[in-house]
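Trainee: Fold the following for me, if possible:
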Amino acid sequence: MATKDTLINNDDIYRYGIALMNRYKQQQGVDVLQGLMARPNIDDKTVSKAMNAICEAYRDLGEYEKAENAYEELIKTLDAKGSLQVAHYTDYASMLKLQAEESFGQQMIDTYMKACKVYERGAEKFPEYAPYLYYYAMQVCKNDVLDPNKTLELAIKPAKKAYDLLKNRDTYEGDEDQIMNSVCFCLVDYYYNKKKDYPAAKQYVLKYYQLVKGTESEESFAGILRRRYKMKI
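Mentor: Next comes the predicted model:
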């Protein structure tokens, strides 16, 4: 199909490129979609769809460097057009995690760290999703590759950011409850168990106690508050 022929509908070219990818002809599909994006009459929505498909194709091919460059270009382009979405960051980070899993040594470490940075970039760009994205970054930082000795040193930064965004809420709904429980426990584990910095740990122990009220963990944390912090619980 001649993508330079302006008489051919853009949607038809897009569907043709996707059809090639669906038949495991990813590189041919990429070539078609890149030709599509070079057309003078292409709209922003089609650009977004085509670029996203190219990113996914390179990921599926294991061409991670090309995929990384494609995601960076996608984010830059869509941000300029005002159509960037949080999913573009999460998809990008997922691709990097997949790349890390297939890597070794320092490359694996560096790639996991890139994924963390992408989540953090997404959190800065989309504050309404920031607790989720910082939580995802924390989870990556707790990976055995990045933290083989379970020090939590890397995980603390995103955990604190998620905690600070959620700590003043009276109730937590849906995934936010799980996120707050996870980040708060990470902070308790780091400051109370590992660093034994009991003054710094106090706010996190108290918050975690409030989170686990009514569960089997309630009395354990109530005991810590009574013994260590002399609180009347």
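Trainee: just checking, what packs against the worst-scoring helix or strand of the chain on mean pLDDT?
Mentor: For the chain, the helix or strand with the lowest mean confidence is helix 44-61, at a mean of 91 (criterion: mean pLDDT, DSSP states H and E). Packing partners of helix 44-61 (3 or more Cβ pairs under 8 Å, 6 or more residues apart in numbering; DSSP states H and E): helix 10-22, helix 26-37, helix 64-81, helix 86-101. Bear in mind the C-beta positions are built from the backbone N, C-alpha and C, glycine included.
Trainee: Output the ones you listed as TSV; include the columns mean pLDDT, mean neighbour count and distance to residue 144.
Mentor: Formatted as TSV, the helices and strands packed on helix 44-61 follow (pLDDT from 0 to 100; neighbours: other Cβ atoms under 10 Å; distance: least, Cβ to Cβ, whole Å):
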stretch	mean pLDDT	mean neighbour count	distance to residue 144
helix 10-22	95	17	34
helix 26-37	93	19	32
helix 64-81	93	16	21
helix 86-101	96	20	12
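Trainee: among those, which is nearest residue 176?
Mentor: helix 86-101 (15.4 Å; Cβ to Cβ).
Trainee: what packs against the closest one?
Mentor: helix 44-61, helix 64-81, helix 105-125, helix 130-141.
Trainee: ok, residue 222 touching residue 233?
Mentor: Yes - counting by Cβ atoms under 8 Å, residue 222 does reach residue 233; the two are 4.4 Å apart.
Trainee: re earlier: save the helices and strands packed on helix 44-61 as a markdown table, and put in distance to residue 199 too.
Mentor: Shown next, in a markdown table, are those (distance: least, Cβ to Cβ, whole Å):
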| stretch | distance to residue 199 |
| --- | --- |
| helix 10-22 | 56 |
| helix 26-37 | 56 |
| helix 64-81 | 41 |
| helix 86-101 | 35 |
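Trainee: residues touching the residue nearest to residue 98 when sequence neighbours are not counted, list them.
Mentor: What sits nearest to residue 98 in space, not counting adjacent residues and going by Cβ to Cβ, 6 or more residues apart in numbering, is residue 59, at 6.9 Å. Counting by Cβ atoms under 8 Å, 6 or more residues apart in numbering, residue 59 makes contact with 67, 95, 98.
Trainee: for these, which one is nearest residue 158?
Mentor: Using Cβ to Cβ, residue 95 comes nearest to residue 158 of those, at 19.2 Å.
Trainee: That closest one against residue 63, yeah?
Mentor: No - contact criterion Cβ under 8 Å: residue 95 and residue 63 do not qualify, at 10.6 Å.
Trainee: tilt between the host helix or strand of residue 188 and helix 130-141?
Mentor: According to DSSP states H and E, residue 188 maps onto helix 175-188. Note on geometry: by axes from the mean of the first three to the mean of the last three Cα atoms, to 10 degrees, helix 175-188 and helix 130-141 are set 50 degrees apart in direction.
Trainee: Residues contacting helix 175-188, please?
Mentor: With Cβ under 8 Å, 6+ apart as the test, helix 175-188 has contacts from 131-132, 134-135, 138, 142, 152, 155-156, 159-160, 162-163, 166-167, 169, 172, 201, 204-205, 207-208, 211-212.
Trainee: what do you get if the cut-off is 7 Å, keeping everything else the same?
Mentor: Applying Cβ atoms under 7 Å, 6 or more residues apart in numbering, the contact partners of helix 175-188 are 131-132, 135, 138, 152, 155, 159-160, 162-163, 166, 172, 201, 204-205, 207-208, 211.
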